[in-house]
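A.B. asks: No sequence on hand, only this structure:
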């Protein structure tokens with residue numbers, strides 16, 4: 001099959017997945033397209049690359065200077081997203097009280113710009129990072145958050161996963177790159193590198209697995225067969241793409257998240273034993289700790305297809321930790337990998353030219369110090385606590401939230417998973433914020449009524465507060 005024939009076939013296939021998964025019984029806000037667009041950009045390549053303004057080879061320069069095109073796109077999405085949340089202010093105001101660790105972390109990141117050597121760059125990056133939180137809140141404050149979550153996972157998955165397989169198999173110039181260490185060809189799909197492809201695929205595949213398990217358990221759902229066909233196809237494509245990506249960390253995290261989901265969904269909602277979930281997670285932590293303490297980590301690393309030095313990561317960790325300008329406060333938000341420090345690391349690793357620590361906790365330490373590490377710990381603990389509470393209402397949904405939180409914590413051991421515009425960071429925020437809502441509302445329960453009569457026209461319904469969904473009477 002020629003490449004252009006494959007393009008037509010895959011395009012029709014993607015349209016077919018959307019058609020199979022259609023559901024007229026749920027009507028998420030049109031504002032949901034903002035998170036969909038944001039995640040499609042974050043999970044693939046910057047808009048400037050797709051438009052041909054820049055190339056992947058110029059990403060190192062963009063790290064320093066940024067791209068005006070990409071900056072404009074993110075600014076527009078951020079501005080529109082903020083307007084949506086303003087029109088949903090009464091719904092949005094409920095979340096901060098329960099998600100205070102996230103807000104405290106973002107506030108500290110903003111304050112840290114004060115001691116950054118590059119405050120202008122740090123402020124621009126913080127603004128983009130704020131966009132991650134805004135798009136998460138758009139999902140959670142939808143009139144039907146559960147339906148919005150399902151649509152978000154499906155829309156992004158139906159686009160990015162098949163598109164990545166298409167370019168890998170039929171458009172090699174787009175779908176392949178070369179490993180800077182050993183020069184072998186690697187599959188990158190629509191992403192910028194294999195690690196980004198891996199993390200995007202594993203978070204979307206966990207969502208597809210959740211949908212499949214939900215459909216299997218709910219035999220009374222309308223049009224169950226075609227929804228199951230669409231989601232099963234997405235899951236199979238995701239598993240195949242994980243193999244193509246050859247990202248050991250993402251494969252391990254998907255296995256971990258899937259294992260937690262499968263172990264948790266069988267729990268009875270009416271007789272929920274919290275100790276069982278805590279025991280499962282504690283067992284994973286203890287196993288990992290004993291593996292390291294007994295010196296068996298090399299065998300595990302080799303089993304995952306990694307070198308004992310984690311493909312050069314340990315050398316990077318040894319080099320960057322002593323370079324932290326302030327152990328307590330760090331270099332300032334997203335400011336460590338700039339200026340003389342970046343030049344020193346590129347001189348020490350001329351082939352790899354790292355721009356991150358490849359460890360989320362070390363990355364936070366470098367930029368935000370021990371204070372930042374403690375705050376990230378609070379975010380993880382709060383997300384874990386909230387997600388286990390959701391299991392009391394719906395074990396399958398709670399299992400998905402728990403899988404995202406735990407896999408984010410493990411993913412960040414070998415990758416910088418707590419950085420802005422990273423899929424695993426966005427889904428950690430989403431799991432925590434969604435768990436905050438679902439821990440106090442049964443899934444599918446509509447939000448509390450919002451009084452709008454004093455500020456909005458009477459034709460605006462109470463369950464549709466987004467300015468994108470306003471319907472005005474014709475005179």
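C.D. replies: Looks like it arrived, so ask away. What you see is a predicted model, and the numbers here were worked out from it, not measured in a lab. Residues are numbered from 1 along each chain as shown.

A.B. asks: What segments of the stretch 51-200 of the chain are strands?
C.D. replies: In the stretch 51-200 of the chain, the strands defined using DSSP state E, counting those that start in this stretch lie at 176-178, 185-187.

A.B. asks: can you redo the ones you listed as JSON lines with distance to residue 363?
C.D. replies: (Each C-beta comes from the backbone N, C-alpha and C, glycine too.) Listed next are the strands of the stretch 51-200 of the chain as JSON lines, based on distance: least, Cβ to Cβ, whole Å:
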{"stretch": "strand 176-178", "distance to residue 363": "23"}
{"stretch": "strand 185-187", "distance to residue 363": "23"}
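
A.B. asks: of those strands, which approaches residue 26 most closely?
C.D. replies: Residue 26 lies closest to strand 185-187 among the strands of the stretch 51-200 of the chain, at 34.9 Å (Cβ to Cβ).

A.B. asks: tell me the centre residue of the chain?
C.D. replies: residue 423 (2.6 Å; Cα atoms, centre = their mean).

A.B. asks: I'd like the distance between that residue and residue 394.
C.D. replies: Residue 423 is 24 Å from residue 394, where distance means Cβ to Cβ, to the nearest Å.

A.B. asks: Now do the helices in the stretch 151-300 of the chain.
C.D. replies: All helices of the stretch 151-300 of the chain, identified by DSSP state H, counting those that start in this stretch, fall at 172-175, 194-217, 224-245, 248-264, 274-293, 297-303.

A.B. asks: Please apply the same query to the stretch 301-450 of the chain.
C.D. replies: Using DSSP H, counting those that start in this stretch, helices in the stretch 301-450 of the chain cover 313-320, 339-348, 360-390, 395-411, 423-438.

A.B. asks: next one: the shortest one to chain centre, how far?
C.D. replies: Same thing as helix 313-320. Computed by Cα atoms, centre = their mean, to the nearest Å, the chain-centroid distance of helix 313-320 equals 25 Å.

A.B. asks: which residues are in contact with it?
C.D. replies: By Cβ atoms under 8 Å, 6 or more residues apart in numbering, the list of residues contacting helix 313-320 from outside reads 309, 336, 345, 348-349, 352, 354, 357-359, 362, 366, 414.

A.B. asks: among the residues you listed, which ones are buried?
C.D. replies: For the contacts of helix 313-320, a burial check counting by 16 or more other Cβ atoms under 10 Å picks out 336, 345, 352, 354, 357-359, 362, 366, 414.

A.B. asks: Serialize those residues to JSON lines and add fields for distance to residue 126 and pLDDT.
C.D. replies: Listed next are these as JSON lines, based on distance: Cβ to Cβ, whole Å; pLDDT from 0 to 100:
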{"residue": "336", "distance to residue 126": "14", "pLDDT": "93"}
{"residue": "345", "distance to residue 126": "22", "pLDDT": "89"}
{"residue": "352", "distance to residue 126": "27", "pLDDT": "75"}
{"residue": "354", "distance to residue 126": "22", "pLDDT": "84"}
{"residue": "357", "distance to residue 126": "19", "pLDDT": "88"}
{"residue": "358", "distance to residue 126": "22", "pLDDT": "86"}
{"residue": "359", "distance to residue 126": "21", "pLDDT": "89"}
{"residue": "362", "distance to residue 126": "20", "pLDDT": "93"}
{"residue": "366", "distance to residue 126": "16", "pLDDT": "95"}
{"residue": "414", "distance to residue 126": "25", "pLDDT": "84"}
